[in-house]
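Q: Sequence first, then the predicted structure, then my questions.
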Amino acid sequence: MTSVRTRPATVRRAAHQAPRRRSPRWTALAFLTPLVLYLIAFYAYPLYRNIDLSVHDYTPRAFVQGDPEFTGLDNYVNILSDDTFLRALSNTALFTLGSIAVQYALGLALAVFFHRHFRLSVALRAMFLVPWLLPLIVSASTWSWMLNSENGIVNAALQAFGIGQINWLTSPDTSLLAVTIANIWLGIPFNLVILYAGLQTISADLYEAAGLDGANAWQRFWRITFPLLRPVSAITLLLGLIYTLKVVDIIWIMTKGGPADASTTLAIWSYREAFGTGQPDFSPAAAVGNLLILIAFAAGLVHVRLQRREERG
Amino acid sequence: MNRPSMSTRAAFFGTAVLALSALSACASAPQGGATPTAAGSAGKSYTWWDPYPQHDASSAWAKRVNTCGQQAGVTIERTAYDTTALTNQALLAGQEGNAPDVILLDNPAVSTLADAGMLTTMSDVPGSGTMSDFGLDTARFDKNLIAAGELDGKTYGIPIGANTLALYYNKKILDDAGVDPASIKDWASLNAALKKVKAAGKKPITFSAIGTEEGSFQFLPWFWGAGAQLTRLDSPEAVAALDLWTSWVKDGTAPNSVISNSQNTTWEEFLTGEFAFAENGTWQINSAEKAGFPTGIVQIPGKDGGVAPTPTGGEFITVPVQKDTGRYSATKKILECMTTPEGLVETGTTFAYYIPSTADGRQAILAKEPDLKPWVEAVQSAKGRTSDNLGTKYPKISEAMWTAVQKALSGAATSADALKEAQAQAKQATGG
């Protein structure tokens, strides 16, 4: 992109000034430099540093003195053989897949619903965006108050229906479910907005034609809306996956990954190793973080592969 | 010592306070007038970090810090961080080699930073051999308190005060239930009191068992009170302590939410007036006085009687290593100012009750506020978390311990199993 834009400028200058042979290339480089510097400073270096942290043993002492011991893949081996690993991996899978599946289903349902443009639909749609506008610390704290075992409004409501106290955040059986519910609520607006935008691109003619052919609402959805929305759905799900994999804040505020490790995901584990205890352990934290990056990267590759196959077919 | 670099640095900061004027004249004295620092002729600017963001620039605390700076002839630039953020910031600054002149550190963090080689042992000060040569007689400070600042026989910090835990009670509830707080001498009499409260239809007790350092902090009085040691988390004594907490949560003596309660949340629960007892700290004295009901405190009892050792809380004043060792002389004056008996009392009252860390200071604060007597006693019987030369092992052991507490209270494992796992985890993490 940059080189396309630079060309007219250099051509013009060449007409005015005595032409310098190399100048187009140098100008192009000059325009590229800020971008390259930005990429190096904010993407390449942190990534390199993360890998560097994960293959050394950075104790607080080594961190300050700058003389960490090179340990190769020891950190990775330790992490993979840690009891927490399998727990965190399955929690991450449950949390992520559960969140995006329900977020997507509800987001799509709401998008189709609001696509009908009834009265007040704009105002109602705006209200669904509220979770997006609230600072996370506010929504997470509110959820943890609502789900409080003794005084929470959720348990009060359940008790009105004769259901006994559920220890949402403090029982190992429900804490993962509780944080997943909160995360679903947070993710609905994102799905709603993107899918709603996707619906706008589907021509109304198709629905009209289907209506003339006698298709009912159910058939219209499954035969027209859903297939035509597939590219948008794929990108929504992929982005949702990446966002959800790295969720730390909401779980940390609500349960700290507990009780014990019941709601510890890989992201929480990484955060806890680095910042959650009295003694920072940057190396294992970086190793867990790199595993997360790999998982997200793999998901991205699958997406690209699927997209290519679709384009070809 | 590197004299030329010292003198240029001094000139750079535009000061000729030290006896370096002869040297700085041959360096670049004329540039002194155009320094980038705002300190000007008032003196060098010294950086100070503390974990009290609740005290802003206009607070009594900030003024006190500034006064000590003025007495030392320097301007103090104070930055406040959240407690956990402070340790991380300090480590980063240490890595970059631009650590502040003074850091007030939460006591378990002292050994972490000391082990990182970031803190002066005070013997790094030119011409000094021991801590007392720094002008601060460490013998003045209570052994049990300063222990958290010691690592391998060296002292890396000085407690500016201490706080600890006790059981606050709601006098009204106890009176109604017919419980005499003085009758609580051991776990059996405490359990009897809790039963009476429950029979009277009130909630007996609340505490914080959250999965962070706070959870360990609150568990330690019971753990130590049963006779357990941090070096062996799965001892029968430790199991007895965890069984006590677990039994309370199981039979509803304590609310289930203790598993996720921070100490602040616990205190808010107590302030509702529904709870008879709450385990909380010295820092709530003011708040307890303003509660809508009469309150009092009892010491946390040991299992078989006596007062349980409670963990000490509170900050240590530490001096990170500086490249320019000439800066230490003013730092020393700041430290002296902060730790005189009057200074300790002032710190204590500024902070809504920090108990002074020296015998003189204790007497002075008792003369002023006799009501603090039970807290002064509690602090005297308290114990540092990193004491017993645990040092940097403590955070690892603590993490294993709070995880075990969480497992047992939430019913994920029995106390014995949870602590057995914790011991294995702590052993692995501390490399022993």
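A: Sure, I can see it.

Q: make it CA atoms for all contacts and neighbour counts henceforth
A: Fine.

Q: where does the chain dip in pLDDT?
A: This is for chain A. A:1-22, A:313 (pLDDT under 70).

Q: other chain: chain B
A: B:1-43, B:122-136, B:352-353, B:432.

Q: close enough to count as contact, residue B:220 and residue B:311?
A: Yes - counting by CA atoms under 8 Å, residue B:311 is a contact partner of residue B:220 at 6.5 Å.

Q: so residue A:139 touches residue A:130, yeah?
A: No - in this structure, residue A:139 is not within contact of residue A:130 by CA under 8 Å, at 10.1 Å.

Q: residues touching the residue in chain B positioned nearest to chain A, list them.
A: Residue nearest to chain A within chain B: residue B:116 (3.5 Å; CA to the nearest CA). Residue B:116 makes contact with A:60-65, according to CA atoms under 8 Å, 6 or more residues apart in numbering or on different chains.

Q: just to revisit the earlier point, higher neighbour count, residue A:139 and residue A:130?
A: residue A:139 (21 against 11; other CA atoms under 10 Å in any protein chain shown).

Q: which element is the residue nearest to the more buried one when sequence neighbours are not counted on?
A: Among residues not flanking residue A:139 along the chain, residue A:131 sits closest, at 7.4 Å (CA to CA, 6 or more residues apart in numbering or on different chains). Taking DSSP states H and E as the definition, residue A:131 sits inside helix A:130-133.

Q: what sits against the residue nearest the centre of chain B?
A: Centroid check for chain B by CA atoms, centre = their mean gives residue B:314 as the closest residue, at 2.1 Å. Counting by CA under 8 Å, 6+ apart, residue B:314 makes contact with B:106-107, B:159-163, B:354.

Q: So which of the residues you listed are in helices?
A: residue B:107 (DSSP state H).

Q: any idea which of the contacts of residue B:314 has the most stuff around it?
A: residue B:161 (29 neighbours).

Q: right, and that residue touches residue B:357 too?
A: Yes - counting by CA under 8 Å, residue B:357 is a contact partner of residue B:161 at 5.0 Å.

Q: Which residues are in contact with each of those two?
A: With CA under 8 Å, 6+ apart, residue B:161 and residue B:357 have common neighbours residue B:344.

Q: for the nearest residue to residue B:165 once chain neighbours are set aside, phi and psi?
A: Excluding its sequence neighbours, the residue lying closest to residue B:165 (CA to CA, 6+ apart) is residue B:281, at 4.3 Å. Backbone torsions of residue B:281, given as degrees, to the nearest 10, read phi -110, psi 180.

Q: residue contacts, residue B:281?
A: Neighbours of residue B:281 in contact, by CA under 8 Å, 6+ apart: B:163-166.

Q: Now tabulate the contacts of residue B:314 in TSV and tack on distance to chain A.
A: Formatted as TSV, these follow (distance: CA to the nearest CA, whole Å):
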residue	distance to chain A
B:106	10
B:107	10
B:159	18
B:160	20
B:161	20
B:162	19
B:163	19
B:354	22
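
Q: ok, now how distant is residue A:174 from residue A:181?
A: 11 Å (CA to CA, to the nearest Å).

Q: thinking again about what came up before, near chain B too, which of the contacts of residue B:116?
A: A:60-65 (CA under 8 Å from any CA of the partner chain).

Q: Any of those buried? List them.
A: In the ones next to chain B among the contacts of residue B:116, burial by neighbour count holds for A:60-65, counting by 16 or more other CA atoms under 10 Å in any protein chain shown.

Q: give me the number of residues near residue B:296?
A: When neighbours are defined as other CA under 10 Å, residue B:296 has 16 of them.

Q: wait, isn't it in contact with residue B:169?
A: Yes - taking contacts as CA under 8 Å, residue B:296 lies within contact range of residue B:169: 5.4 Å.

Q: where do the strands sit along the chain?
A: Using chain A. Secondary structure of chain A (DSSP state E): strands located at A:56-57, A:69-70.

Q: nope, chain B please
A: Under the criterion DSSP E, chain B contains strands at B:45-50, B:75-80, B:102-106, B:150-151, B:154-155, B:158-159, B:165-170, B:203-206, B:275-281, B:295-298, B:315-318.

Q: tell me the contacts of residue B:161?
A: Per CA under 8 Å, 6+ apart, neighbours of residue B:161: B:314-316, B:344, B:347-348, B:354-357.

Q: how about the nearest residue to it, chain neighbours excluded?
A: Nearest one to residue B:161, counting by CA to CA, 6+ apart, is residue B:356 at 4.5 Å.

Q: Report the contact partners of the one you found.
A: Counting by CA under 8 Å, 6+ apart, residue B:356 makes contact with B:160-162, B:341, B:344-345, B:348, B:362, B:365.

Q: Buried ones in stretch B:423-432, by neighbour count?
A: B:423, B:425-427.

Q: From residue A:168, how far out is the residue in chain A that chain B sits nearest to?
A: In chain A, the residue found nearest to chain B is residue A:61; the distance is 3.5 Å by CA to the nearest CA. Distance of residue A:61 to residue A:168, given as CA to CA: 40 Å.

Q: Please look at residue B:254 and residue B:205 and confirm they touch.
A: Yes - if you go by CA under 8 Å, residue B:254 and residue B:205 touch, sitting 5.2 Å apart.

Q: Looking at these two, which is more packed in?
A: Using other CA under 10 Å as the criterion, residue B:254 and residue B:205 rank with residue B:205 on top: 27 against 22.

Q: Could you check how many residues crowd around the residue nearest to the more buried one when sequence neighbours are not counted?
A: Closest residue to residue B:205 apart from its sequence neighbours, by CA to CA, 6+ apart: residue B:277 at 4.5 Å. Residues within reach of residue B:277, counting by other CA under 10 Å, total 28.

Q: What of the one 3 residues further on?
A: Summarising burial for residue B:280: neighbours were counted as other CA under 10 Å, giving 23.

Q: pretty sure it is touching residue B:262, no?
A: No - using CA under 8 Å, residue B:280 is not in contact with residue B:262, being 10.5 Å away.

Q: and residue 44, how many neighbours?
A: No chain was given, so I picked chain A. Counted with other CA under 10 Å, residue A:44 comes out at 14.

Q: um, chain B though
A: Neighbour count of residue B:44, defined by other CA under 10 Å: 23.

Q: For it, give its distance to residue B:236.
A: Using CA to CA, residue B:44 is found at 57 Å from residue B:236.

Q: Next: residue B:261.
A: 27 Å.

Q: Of those two, which one has the most company?
A: Neighbour tally, residue B:261 and residue B:236, criterion other CA under 10 Å: the higher count belongs to residue B:261, 24 against 15.

Q: contacting residues around that one?
A: B:207-210.

Q: Show me which of these is closest to residue B:301.
A: Closest approach to residue B:301 among these (CA to CA): residue B:207, at 14.9 Å.

Q: Which residues are in contact with the spatially closest residue to that closest one that is not a sequence neighbour?
A: Among residues not flanking residue B:207 along the chain, residue B:279 sits closest, at 5.2 Å (CA to CA, 6+ apart). By CA under 8 Å, 6+ apart, the residues touching residue B:279 are B:165-168, B:205-208, B:218.

Q: how about the residues of the stretch 101-250 of chain B near chain A?
A: Residues of the stretch 101-250 of chain B lying near chain A (CA under 8 Å from any CA): B:108-109, B:112-113, B:115-118, B:211-213.

Q: List just the nearest of these to residue A:216.
A: Of these, the one sitting nearest to residue A:216 (CA to CA) turns out to be residue B:211, at 53.9 Å.
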